[in-house]
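[1] Need coordinates for the following:
(2 chains)
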Number of protein chains: 2
Amino acid sequence: MHAEILTIGDEILIGQITNTNSVWIAQKLNLMGIKVVHMASVSDDKEAILKAFSDAQQRSDFVFITGGLGPTKDDITKKLFAEYFNTILELDAQVLAHVKSFFDKRGREMNEANRQQAMVPKGCLVIHNQSGTASGMWMQKENTVFISMPGVPYEMRDMMSNIILPKIRAENKLEHIFHKTVLTQGLGESFLAEKIAKWEDNLAAKNIKLAYLPQPGMVRLRLSTSGNDFDTIKKTVEKEIGILKILISEYIFGYEEYGEEPPSLEKIVSELLRERKQRISLAESCTGGYIASLFTGIAGSSEIFNGAVVPYHNNIKHELLKVDHSVFEQHGAVSKECVLQMAEHAKVKFHSDYSIATSGIAGPAGGTPEKPVGTVWIAISTPEKTIAMRFIFGYDRQRNIKMTAATALNMLRKMILKEELKD
Amino acid sequence: MHAEILTIGDEILIGQITNTNSVWIAQKLNLMGIKVVHMASVSDDKEAILKAFSDAQQRSDFVFITGGLGPTKDDITKKLFAEYFNTILELDAQVLAHVKSFFDKRGREMNEANRQQAMVPKGCLVIHNQSGTASGMWMQKENTVFISMPGVPYEMRDMMSNIILPKIRAENKLEHIFHKTVLTQGLGESFLAEKIAKWEDNLAAKNIKLAYLPQPGMVRLRLSTSGNDFDTIKKTVEKEIGILKILISEYIFGYEEYGEEPPSLEKIVSELLRERKQRISLAESCTGGYIASLFTGIAGSSEIFNGAVVPYHNNIKHELLKVDHSVFEQHGAVSKECVLQMAEHAKVKFHSDYSIATSGIAGPAGGTPEKPVGTVWIAISTPEKTIAMRFIFGYDRQRNIKMTAATALNMLRKMILKEELKD
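    Residues are numbered from 1 along each chain as shown, chains lettered A, B, ... in the order given. Now for the predicted structure:
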């Protein structure tokens, strides 16, 4: 089963945006066992688009097209789609109703450009866009299915995940592929590789592929295999993960099976709190609201999240979180003493069971020989105790913020589960 | 002058890496006035690569190829390059000396695979690789120049910047290209298009292309043109932007010239505050720390950012921000009265000149007929006054958070500049 991805729009050709849609689609197809043989980007140009369509038809069973479906004049994909399939655009009543309700709900009038979005090539299967007004289109020519989607990443992803990929899976006999990803926090890629080198050497003989997928503060280890019997290949992978678990148990915080929503650390922690009917609050200095935004990005977070203070100055740390002036004088704001007091007072102030406090030098400026850029203190307060740990991350501000968040969330996770924390 | 970019290698097709090489090359070519008309990625497969070569020859004056030049077996670009040009590989003494010295300096022995790297197609111009062992190659067929480079980003970039681009510039009379992007907030793509339809209709006659680039809560409008004289084409674009400014002045928050760091709303607001030696604080309910993380993600933010409270429950809104209990009883937390009190008390509590308060129903649950999901109240408090406005965004939680942030930041920007706010 061969597929290809075609991106339409000048913004990629002039280097203004990176083609993340293609990467995402390629990953999803790959995980399903569909081989991507070609990717291309062409401009909003009639000849270029039609040539790309006919080339793709020579090569592939599926052609995934993104971009060029908006209501504005520079978007010509839909017209060319109709032309390529020798058909006309006609009004789709369901799409019109959807577009209309989309505007009604926002209390706005539809204009002519919006109405045009309900025009679709005659004979195409319309793919509903739950988060926007540009519908997707599914049309077949000879043995090739062409699927056109909007370029807005979340609209495209919704369509792919909810409609297109399930449809392809249901209609085709694909070889089974099984992937499971082990989520780790606290050890860098090369150190992890060293710890599991012997185990990794044996995977090839079992037809298992291993991929290291690093993120700031975390490394995901993806094991993949394929075969005709799903249960057999699943067991093969699970057995190896069982061995891996013994080697690096203290770094593993979760697992991700393909098709599941990948569990982030904040989701795992939120779930643990929800099960226990407990609540969290935050006092974020160097993470500056980032951990709060992770928790509150999850639907229903008000059940477990009471609130946060971002005390970006010492006087605010004192006034809002009762950190003693003597702490700043004797130890500075980036210190064990400071985060301990921040965590304890946040817990009281927000009436929560747990709290996290962070204070550090995110960079790029502000470092000293004793406390270089990347120095971070994290405190976790539980119903029983409050502990603090020091870390030295790197030089990049955004990365330091993310590494602090990942580390703090994993510390909290372990303390909720009453696991041991190691330096 | 037309160019295209061809990437060879499976790692892009399986979605393991993002194609940053193509973005970089496209940006450089674009700035030189060379139009990129096509980008493609193919696997290490003979037929696919040869077809890509001949397709490219039909379209372009320059073909930039990356990848497939390493010493391992799956790298076949060089062999196919020789085949496509009907020539043979021969040993290049200079390249051999370079590869040998490369290994000598590292105290390592060359192996046979490394020696193979000194084989190049007969008749090609060898491009020296100062940071690696795989040479670049420059060959012409009819009117098309093919340039093959390694896929390792810094090796490719060195070759392009030091050798290839200067050579192209020296040998060709290039047309200039000018882009400028107008950054807008507060009006959706289709409504913007309607407002500027007449203006847009006249652009073609002036050889200006317009692109709509939407993001949550924002739309960027990119104007591009080309010509022989840089000052003339720049003036042509600037003149049109001057007219656009009159049509949609209240939605424009900035401009981006190609090659500059694009200014985000949070950076623009931070800069305005820094210039005025003023400070901001936040009371974020529905945005949950997201706006704080935007400000604190900027290096040096402690100069303008005093802190934030994320009061995720009514009792916290009361205790920390002194919102009256009667407000919750009479109006609810998602109300004008609530955000006004939040903003005013945050400003006092954090000793800041300005404050932003947000309260809304981010979704997906929690909506009512009167206050559907997406309803958001935003208040801005300035040294002179506090105002609040209501918005109804959409259904997607993450998107609602981002739209609220963009809207609030732009309201703040206007109030700092004492511009009028319109509903």
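
[2] Could you tell me how far residue A:111 is located from residue B:194?
    When C-beta to C-beta, to the nearest Å is applied, the distance between residue A:111 and residue B:194 equals 5 Å. Glycine gets a C-beta too; all of them are placed from N, C-alpha and C.

[3] of these two, who's got more company?
    Just comparing residue A:111 and residue B:194: by other C-beta atoms under 10 Å in any protein chain shown the higher neighbour count belongs to residue B:194, 18 against 15.

[4] which residues does the more buried one contact?
    Under the criterion of C-beta atoms under 8 Å, 6 or more residues apart in numbering or on different chains, the neighbours of residue B:194 are A:111, A:113.

[5] try 6 Å this time
    The neighbours of residue B:194, taking C-beta atoms under 6 Å, 6 or more residues apart in numbering or on different chains as the test, are residue A:111.

[6] And it, what's its pLDDT?
    With respect to pLDDT, residue B:194 scores 93.

[7] roughly how far out does the helix or strand containing it sit from the chain middle?
    Applying DSSP states H and E as the criterion places residue B:194 in helix B:189-195. Put simply, helix B:189-195 sits 22 Å off its chain's centre (C-alpha atoms, centre = their mean, to the nearest Å).

[8] Chain neighbours aside, what residue packs nearest to residue A:374?
    Distances taken as C-beta to C-beta, 6 or more residues apart in numbering or on different chains place residue A:393 nearest to residue A:374, at 4.2 Å, with adjacent residues excluded.

[9] Let me see the contact set for the one you found.
    Each residue near residue A:393 by C-beta under 6 Å, 6+ apart is listed here: A:374, A:400, A:403.

[10] Please enumerate the shared neighbours of residue A:111 and residue B:194.
    Common neighbours of residue A:111 and residue B:194 are not found (criterion: C-beta under 6 Å, 6+ apart).

[11] Pull up the pairing partners for the helix or strand that contains residue A:377, direction included.
    Assigning secondary structure by DSSP H and E places residue A:377 in strand A:375-381. Next to strand A:375-381 in the sheet, as set by DSSP bridges, lie strand A:354-360 (antiparallel), strand A:386-392 (antiparallel).

[12] buried set for the last one?
    So that's strand A:386-392. Burial within strand A:386-392, assessed by neighbour count using 16 or more other C-beta atoms under 10 Å in any protein chain shown, is assigned to A:386-389, A:391.

[13] and those residues as JSON lines, adding pLDDT?
    Shown next, in JSON lines, are the buried residues of strand A:386-392 (pLDDT from 0 to 100):
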{"residue": "A:386", "pLDDT": "97"}
{"residue": "A:387", "pLDDT": "97"}
{"residue": "A:388", "pLDDT": "98"}
{"residue": "A:389", "pLDDT": "97"}
{"residue": "A:391", "pLDDT": "95"}
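
[14] Now render those residues as a markdown table, adding distance to residue A:216.
    Formatted as a markdown table, the entries for the buried residues of strand A:386-392 read as follows, by distance: C-beta to C-beta, whole Å:
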| residue | distance to residue A:216 |
| --- | --- |
| A:386 | 26 |
| A:387 | 23 |
| A:388 | 21 |
| A:389 | 18 |
| A:391 | 13 |
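
[15] which one of the residues you listed sits closest to chain B?
    Distance from chain B was checked for each of the buried residues of strand A:386-392 by C-beta to the nearest C-beta. The minimum falls on residue A:391, at 18.3 Å.

[16] Could you give the bridge partners of that closest one?
    Residues found in beta-bridge contact with residue A:391 (criterion: DSSP bridges) are residue A:376.

[17] cool, and residue A:38?
    Listed by DSSP bridges, the beta-bridge partners for residue A:38 are residue A:4, residue B:42.

[18] And it, what's its pLDDT?
    pLDDT at residue A:38 comes out at 96.

[19] How about residue A:97?
    92.

[20] give me the element it is part of.
    With the criterion set as DSSP H and E, the secondary-structure element containing residue A:97 is helix A:93-105.

[21] so who does the residue nearest to residue A:95 when sequence neighbours are not counted touch?
    Setting aside the residues directly before and after it, residue A:95 is nearest to residue A:118 in space (C-beta to C-beta, 6+ apart), at 4.3 Å. By C-beta under 6 Å, 6+ apart, residue A:118 lies in contact with A:91-92, A:95-96, A:99.

[22] Now render these as JSON lines, adding neighbour count.
    Shown next, in JSON lines, are these (neighbours: other C-beta atoms under 10 Å in any protein chain shown):
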{"residue": "A:91", "neighbour count": "11"}
{"residue": "A:92", "neighbour count": "19"}
{"residue": "A:95", "neighbour count": "19"}
{"residue": "A:96", "neighbour count": "16"}
{"residue": "A:99", "neighbour count": "23"}
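
[23] Let me know the closest of the residues you listed to chain B.
    Sorting the contacts of residue A:118 by distance to chain B puts residue A:99 at the head of the list, at 10.1 Å, by C-beta to the nearest C-beta.

[24] and the closest one, what does it touch?
    Listed by C-beta under 6 Å, 6+ apart, the contact set of residue A:99 reads A:114, A:117-118, A:133.

[25] Emit the PyMOL select command for whichever of those are buried.
    Buried residues among the contacts of residue A:99 (16+ other C-beta under 10 Å), as a PyMOL selection:
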select buried, chain A and resi 114+117+118+133
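
[26] Among the contacts of residue A:99, which ones are in strands?
    Under the assignment DSSP state E, the contacts of residue A:99 contribute nothing to strands.

[27] Tabulate the contacts of residue A:99 in TSV, adding columns for distance to residue A:273 and pLDDT.
    Rendered in TSV, the data for those read as follows (distance: C-beta to C-beta, whole Å; pLDDT from 0 to 100):
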residue	distance to residue A:273	pLDDT
A:114	43	83
A:117	43	87
A:118	45	90
A:133	38	86
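
[28] Any chance of a markdown table for the contacts of residue A:99, columns distance to residue B:417?
    Formatted as a markdown table, the contacts of residue A:99 follow (distance: C-beta to C-beta, whole Å):
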| residue | distance to residue B:417 |
| --- | --- |
| A:114 | 32 |
| A:117 | 36 |
| A:118 | 40 |
| A:133 | 33 |
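
[29] Assign the residue nearest the centre of chain A to helix, strand or coil.
    Centre of chain A computed as the mean C-alpha position; nearest residue by C-alpha atoms, centre = their mean is residue A:262, 7.9 Å away. Using DSSP: H, G, I helix; E, B strand; the rest coil, the three-state assignment for residue A:262 comes out as coil.
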